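Participant: Sequence and predicted structure are below.
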Amino acid sequence: MTTIAVTKERRAGETRVATTPETVKKLIGAGFSVVVEAGAGTSASYPDADYEAAGASLAKTAQEAVGKADILFKVRAPVDEEIAALKSGAIVVASLNAYVEKDALKALAAKGATAFAMEFVPRITRAQVMDVLSSQANLAGYRAVIEGAEAYGKALPMMMTAAGTVAAAKVFVMGVGVAGLQAIATARRLGAVVTATDVRPATKEQVESLGAKFLAVEDEEFKNAQTAGGYAKEMSAEYQAKQAELVSSHIAKQDIVITTALIPGRPAPKLVSAAQVASMKPGSVLVDLAIEQGGNVEGAKLDEVVTTANGAKILGKSNLPGRIAADASALYARNLFAFAGLFLDKEGKFAPDYEDEILKAALVTQGGAIVHPNLTA
């Protein structure tokens with residue numbers, strides 16, 4: 001029987017877990033056995049007893065769990081001691097942050113592991129249920145609004161009272177992917193006046209469907225600013241200058257600005273300049289969801305709250321999904337359960353087809369080498 005191991009996350013600040021009791025049941029039902037390191041789900045509110053009740057066996061240490069594993073499920077890339085404990089040829093499935101965590105990839109390759117980066121799962125219809133970027137970005141967008149509202153310190157909805165009226169907060173979302181759309185929806189639910197911008201023309205209708213106003217320079221470059229895979233292209237310096245001019249006066253009037261723009265494998269584009277930050281009102285807030293790739297806001301610092309001379313706050317909090325660990329883990333675990341199904345043939349036997357378009361796209365190490373074309377070029 002093929003054994004899947006799940007260990008406690010050891011990267012700083014990571015509270016999520018790769019498998020929940022719900023998906024343990026499903027994995028066992030699919031024919032796998034599951035071993036979970038004791039305490040793996042504690043930070044996400046999943047106690048050991050629930051894993052045992054679901055049919056998993058518990059291991060006292062990560063090394064014990066990994067040593068039994070044919071497949072290792074992780075949220076982040078495994079650390080050195082976990083990689084050292086892997087069987088040669090074991091499969092590792094995780095969000096490997098492959099463009100950045102190159103040492104981990106080299107170690108996995110040297111160990112002979114067959115590693116899959118979940119962030120490389122292609123955005124095709126049958127892979128939607130495996131799309132960890134979307135499942136986690138959805139929660140990040142929600143949490144960004146909550147973090148921004150807390151830092152703002154004023155009410156978001158308009159309130160009419162006998163003592164007078166409280167004006168609705170103005171929220172501006174920059175970058176309308178999964179995270180941006182959820183940020184728009186959440187801010188609208190909380191009663192804010194919401195505007196949003198993105199370089200992809202398809203997002204205009206999405207923004208307006210959520211009751212927000214769209215803001216963009218809609219020239220010829222804007223009309224062709226989306227890849228076939230649905231990602232934003234990096235825009236020219238000329239376009240960025242025009243867009244910056246358009247949004248500068250807008251940003252100065254905003255209470256909360258949320259930036260979400262990311263380009264896979266590239267540093268995050270700078271969307272908000274220091275001058276634009278300086279134009280904002282005292283008490284206003286910027287939430288930078290791209291901080292782990294360098295940030296969209298000039299002056300943002302990883303895992304810090306920067307208060308500027310004009311009294312604005314720049315929030316550079318990493319791993320926002322990890323601040324909703326139970327839900328983030330539940331969604332991520334379902335993504336991994338769906339991905340694990342690709343390792344089984346029609347009879348339910350363990351027989352991975354490495355030519356399957358999803359497995360092929362996500363494969364990063366195999367046979368002692370790093371094999372993904374985007375990482376070997």
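Facilitator: Great, that's in hand.
Participant: Does anything pack onto the helix or strand harbouring residue 331? Which helices or strands?
Facilitator: Using DSSP states H and E, residue 331 sits within helix 325-340. When contacts are defined as 3 or more Cβ pairs under 8 Å, 6 or more residues apart in numbering; DSSP states H and E, helix 325-340 packs onto helix 21-29, strand 91-94, helix 132-152. To be clear about C-beta, it is placed using only N, CA and C from the backbone, and glycine gets the same treatment.
Participant: Between helix 325-340 and the first one, find me the angle.
Facilitator: The reference is to helix 21-29. Interaxial angle of helix 21-29 relative to helix 325-340 (axes from the mean of the first three to the mean of the last three Cα atoms, to 10 degrees): 20 degrees.
Participant: For helix 21-29, buried residues please.
Facilitator: 21-28 (16 or more other Cβ atoms under 10 Å).
Participant: Show the contacting residues for residue 225.
Facilitator: By Cβ atoms under 8 Å, 6 or more residues apart in numbering, the contact set of residue 225 is 199-201, 232-233, 235.
Participant: Pipe the helices and strands packed on helix 325-340 into JSON lines and attach mean pLDDT and distance to residue 7 per row.
Facilitator: Below are these laid out as JSON lines (pLDDT from 0 to 100; distance: least, Cβ to Cβ, whole Å):
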{"stretch": "helix 21-29", "mean pLDDT": "98", "distance to residue 7": "14"}
{"stretch": "strand 91-94", "mean pLDDT": "98", "distance to residue 7": "11"}
{"stretch": "helix 132-152", "mean pLDDT": "97", "distance to residue 7": "18"}
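Participant: most tightly surrounded among those?
Facilitator: For the helices and strands packed on helix 325-340, the largest average neighbour count (mean count of other Cβ atoms under 10 Å) is found in strand 91-94, namely a mean of 24.
Participant: just the helices in the protein please.
Facilitator: Taking DSSP state H as the test, the helices found in the chain are 21-29, 48-54, 62-67, 80-85, 102-111, 132-152, 178-189, 203-209, 220-223, 237-251, 274-278, 325-340, 357-362, 373-376.
Participant: before we move on, back to that, so which of the contacts of residue 225 is the most crowded?
Facilitator: Most neighbours among the contacts of residue 225, by other Cβ atoms under 10 Å: residue 199, with 23 neighbours.
Participant: wait, what's in contact with it?
Facilitator: Taking Cβ under 8 Å, 6+ apart as the test, what residue 199 contacts is 216, 222, 225-226, 232-233, 235, 239, 243.
Participant: again, but for residue 8
Facilitator: Counting by Cβ under 8 Å, 6+ apart, residue 8 has contacts 17, 37, 39-40, 62.
Participant: just residue 219 next, same as before
Facilitator: Contacts of residue 219 (Cβ under 8 Å, 6+ apart): 239, 242.
Participant: separation between it and residue 238?
Facilitator: From residue 219 across to residue 238, the span is 10 Å (Cβ to Cβ, to the nearest Å).
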